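In: Just need the structure, nothing else, for what follows:
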Amino acid sequence: MENTFGHYLDLWLKIKANSVAASSYRGYANKTEVHVRPRWGKVQINNIDHLDLQEWIQGTLSKTLKNKTIRDIISNVRQVFRLYRTRMKVAHDPTEGLMVRLPDPEAPDPFTRAEIKQILETHTSRTQELLMVQFMIWAGPRLSETIALAWEDVDLGQGTVTFRRSKVRGAYRVTKTRRSTRKVRLLAPAWDALRKIDALNRKKKAETVDIVERDNKTVRQHKLHFVFLNTKSCLPHVSDFVVRDRFFKAHLLAAGVRYRGPGQCRHTYASQLLTTGIASIDWIAEQMGHTNGNTIRQHYGTWINEDGPDVVGMLQLALKL
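Out: Numbering: from 1, shown residues only. Predicted coordinates for the structure are as follows:
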């Protein structure tokens, strides 16, 4: 059935399997097998028109899925038609003009200094996890980068770390872009967290792990001493989901702090630095592995009024009002 949508869908999935990370491929494959193939797999691709797709979106997808998921699915379908048109150059693209609106992105919701104090001063038997949270708040890495950090990446004497890899759904891989591989100078609380972790687990044995390179094909073995271990098992954390669901939620509840995901530790780092008025946005972007300050402005940083300086008072003093 060479001219069915399913035929070109299979070709597209093969291309994706060889060009994206395994975790990304699973996302593509899941959406196509659950939502796309059952409806369009056996249909002749040249018989699918714009109205067919509109009816599918409005009549089927919109009833059960969020707009972001629908948009991802339509993007996948659009790529399949783009592949088909490399063979049939005069074929029309029925996805042209399909629009799925998204709500405004959620604003950053960082922790205030008072909340940080509550979080870090609330007792827990999970000592290493709490030190990991302290490190994330004051160094700004992604959780996936934090659980993949090794002592081989740390210069404890100089107070620097180099983020080279991440761990996503149990698999290690180098950072997504070269820019994300970065050397960061640590603020005192993050540096202190590493010193305390060093006293707990620096002598633990090395782990031999497979690390996927940026081409998503090459796999190299490395022997690494991971920094942050599961307090209970003394082994590296299985995934970021485990940290969130088995420690972070319960600890915030115990601390009496409104729940936000551990990703907000990264937002907190950016926002706390912005609020000082000292660090430039471009410097913060470099520390966080972004090419420029636009991402910080749009997604990560927000002014924290209760933690910021008295800007009006400072202006009045400067203006002699």
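
In: Look up how far Gly159 lies from the residue nearest in space to the middle of the chain.
Out: With distances taken as C-alpha atoms, centre = their mean, the residue of the chain nearest its centroid is Arg142 (6.3 Å). Counting by C-beta to C-beta, to the nearest Å, the separation of Arg142 from Gly159 is 20 Å. Any C-beta I mention is one placed from the backbone N, CA and C, and that applies to glycine too.

In: Then Val36?
Out: Between Val36 and Gly159 the computed distance is 50 Å (C-beta to C-beta).

In: And Ala188, by the same measure?
Out: Distance of Ala188 to Gly159, given as C-beta to C-beta: 8 Å.

In: Neighbour count for these two, which is higher?
Out: Set Ala188 next to Gly159 and count neighbours by other C-beta atoms under 10 Å: Gly159 wins out with 17 against 9.

In: which residues sit in contact with that one?
Out: 185-186, 191 (C-beta atoms under 8 Å, 6 or more residues apart in numbering).

In: Tell me the buried residues in stretch 281-297?
Out: 281, 284-290, 293, 295-296 (16 or more other C-beta atoms under 10 Å).

In: pLDDT averaged over that stretch - what is it?
Out: Mean per-residue pLDDT for stretch 281-297: 81.

In: rewinding a little: I'd say the residue nearest to the centre of the chain and Arg165 touch.
Out: No - using C-beta atoms under 8 Å, Arg142 is not in contact with Arg165, being 11.1 Å away.

In: In stretch 4-14, which residues are buried?
Out: Buried residues in stretch 4-14 (16+ other C-beta under 10 Å): 4-9, 12-13.

In: Residues touching it, excluding its own?
Out: Applying C-beta under 8 Å, 6+ apart, the contact partners of stretch 4-14 are 1, 25, 28-29, 32, 36-37, 40-45, 48, 76, 79-81, 83-84.

In: Make a PyMOL selection of the buried ones in those.
Out: Applying 16+ other C-beta under 10 Å to these leaves a buried subset, and the PyMOL line that selects it is:
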select buried, resi 25+28+32+36+37+40+41+45+48+76+79+80+81+84
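
In: one step back: which pair of the buried residues of stretch 281-297 spans the longest distance?
Out: Spatial extent of those (C-beta to C-beta) is set by the pair Ile281 and Gly289 at 14.1 Å.

In: And the helices in the stretch 1-150 of the chain?
Out: 5-17, 22-31, 37-40, 50-56, 62-64, 67-85, 113-121, 127-139, 143-146 (DSSP state H, counting those that start in this stretch).

In: Could I get these in JSON lines, plus columns for mean pLDDT and distance to Pro103?
Out: Shown next, in JSON lines, are these (pLDDT from 0 to 100; distance: least, C-beta to C-beta, whole Å):
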{"stretch": "helix 5-17", "mean pLDDT": "95", "distance to Pro103": "27"}
{"stretch": "helix 22-31", "mean pLDDT": "90", "distance to Pro103": "20"}
{"stretch": "helix 37-40", "mean pLDDT": "96", "distance to Pro103": "26"}
{"stretch": "helix 50-56", "mean pLDDT": "94", "distance to Pro103": "21"}
{"stretch": "helix 62-64", "mean pLDDT": "92", "distance to Pro103": "14"}
{"stretch": "helix 67-85", "mean pLDDT": "94", "distance to Pro103": "7"}
{"stretch": "helix 113-121", "mean pLDDT": "96", "distance to Pro103": "26"}
{"stretch": "helix 127-139", "mean pLDDT": "97", "distance to Pro103": "27"}
{"stretch": "helix 143-146", "mean pLDDT": "96", "distance to Pro103": "24"}
